[in-house]
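Asks: I would like to see how this sequence folds:
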Amino acid sequence: MRSFNYWRQFDYFLLLTAIVLTIFGILMIRSATLGAVDPDLIRRVPDQIRYALIGVPLVFALAAMDYRLLSSLHTWLYLVMLVLLGLTLVIGVEGDGGARSWLNLGIRIQPAEFAKVIIIVTLAYHLSNRYQHFGNLSAVVRSGIHVAVPTLLIFVQPDLGMTVVFVVIWGVMIWAAGLRLQHIAVFIAVAVIGAPVLWSQMAGYQRARIETFIDPESDPDSFYNIRQAVVAIGSGGWVGKGYANGSQNRLRFLRVRHTDFIYAVVAEEFGFVGGVAVLVGIGIVIMRVLRGARIASDALGSLICYGVAAFIFFQTFVSIGMNLRMLPVTGLTLPFVSSGGTSLLSTLIGIGLAQSVIVRRRRV
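Replies: Prediction:
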């Protein structure tokens with residue numbers, strides 16, 4: 001009976017929305033790679049389907065697993081995360097962007113994507129046991145150190161986009177745990193002082209992306225794809241040109257259209273209506289996960305949901321922002337939609353963690 005009650009509380013609307021977005025993403029990747037001759041592009045759709053078929057059952061498996069049991073393994077999870085990130089630096093494989101972010105273990109995986117989910121669980125455990133002491137700056141600093149170690153390993157790959165994702169996850173979760181306003185001023189001061197150091201340690205192509213965003217004429221070739229993305233979005237009009245009929249997409253004017261600029265393909269082929277529909281779908285996912293945070297039975301579950309909602313929102317914000325020329329290009333995927341099997345899998349794992357919290361919500 002207890003198991004039956006769990007599944008009655010399962011958020012099927014959240015799962016259905018995630019599945020619809022995933023299927024739509026597969027269709028958009030197919031459109032973006034239609035007629036490709038590059039073997040890597042040809043494999044994109046089958047790979048995305050395989051990861052989706054793994055990810056959806058994982059949602060149910062994680063929902064069936066008590067998230068408190070998973071958090072009890074926080075030390076081992078943290079060590080596994082550090083080992084994977086360390087191996088990436090030693091024997092990692094370079095991706096399209098030039099970062100050594102991948103491991104080839106028979107299949108190519110991006111450990112930082114799994115680390116993103118692991119850090120949510122381990123940080124939630126850390127904060128749930130210490131949030132009563134968040135009046136002291138030392139407690140906040142200790143949580144920062146907890147996140148800083150894997151974040152540094154990701155930064156030196158170098159992967160600036162995922163580095164910022166980790167910082168955002170930490171910021172949202174410590175805010176949810178009760179961060180005091182006076183501590184924010186301290187962090188702002190540290191950020192201002194550390195910005196020049198961070199700039200000096202960034203890879204050349206990362207600095208070039210920011211410089212191109214500020215001054216497009218400094219590197220016309222790098223700005224080319226951003227310009228084509230804006231053209232694609234603008235040419236879509238209200239309802240778009242139809243599936244697989246976008247000229248920027250079909251005539252290959254738009255590069256990396258299956259990953260970084262998938263939203264431009266959506267907007268060109270389905271117009272303003274299609275672009276807004278994707279935003280609404282992802283917004284529903286975020287709101288349902290935040291609902292899980294509100295009805296969670298304890299601080300641990302609430303913090304896990306906040307962490308999951310944080311990375312889905314931030315990656316959506318950045319991915320669409322760079323397509324609209326509002327933010328620099330970072331290489332972050334659009335959740336559920338962009339090509340990237342490991343990214344899709346980590347997002348569905350995050351949904352599974354949220355479902356584990358939701359089915360064990362407090363009685364009202």
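
Asks: can you pull out the strands in the chain?
Replies: All strands of the chain, identified by DSSP state E, fall at 93-94, 100-104, 108-109.

Asks: Pull the contacting residues for the closest residue to Glu94 other than its chain neighbours.
Replies: Computed as C-beta to C-beta, 6 or more residues apart in numbering, the closest residue to Glu94 that is not its neighbour in sequence is Arg100, at 5.4 Å. (C-beta placed from N, C-alpha, C; glycine too.) Going by C-beta atoms under 8 Å, 6 or more residues apart in numbering, Arg100 touches 88-89, 92-94, 157.

Asks: got it, and Phe311?
Replies: Applying C-beta under 8 Å, 6+ apart to Phe311 gives the contacts 116, 120, 165, 168-169, 350.

Asks: returning to that earlier point: let me know the closest of the contacts of Arg100 to Glu269.
Replies: The nearest member of those to Glu269, counting by C-beta to C-beta, is Glu94 at 31.2 Å.

Asks: From Asp40, how far out is that closest one?
Replies: Distance of Glu94 to Asp40, given as C-beta to C-beta, to the nearest Å: 13 Å.

Asks: now do Arg180
Replies: Applying C-beta to C-beta to Arg180 and Asp40 gives a distance of 48 Å.

Asks: Let me know the closest of the contacts of Phe311 to Gln201.
Replies: Taking C-beta to C-beta as the measure, Gln201 sits nearest to Val165 out of these, at 17.9 Å.

Asks: residue contacts, that closest one?
Replies: 116, 311, 314-315, 332.

Asks: Go through these and flag which are in helices.
Replies: Secondary structure of these is defined by DSSP state H; positions in helices are 116, 311, 314-315.

Asks: what's the model's confidence in the longest helix anywhere in the chain, averaged?
Replies: In the chain, assigned by DSSP H, the helix with the most residues is helix 262-295. Across helix 262-295, pLDDT averages out at 95.

Asks: likewise stretch 122-136?
Replies: The model assigns stretch 122-136 a mean pLDDT of 84.

Asks: Flag every buried residue along that stretch.
Replies: With burial defined by 16 or more other C-beta atoms under 10 Å, the residues of stretch 122-136 counted as buried are 122-128, 131, 134.
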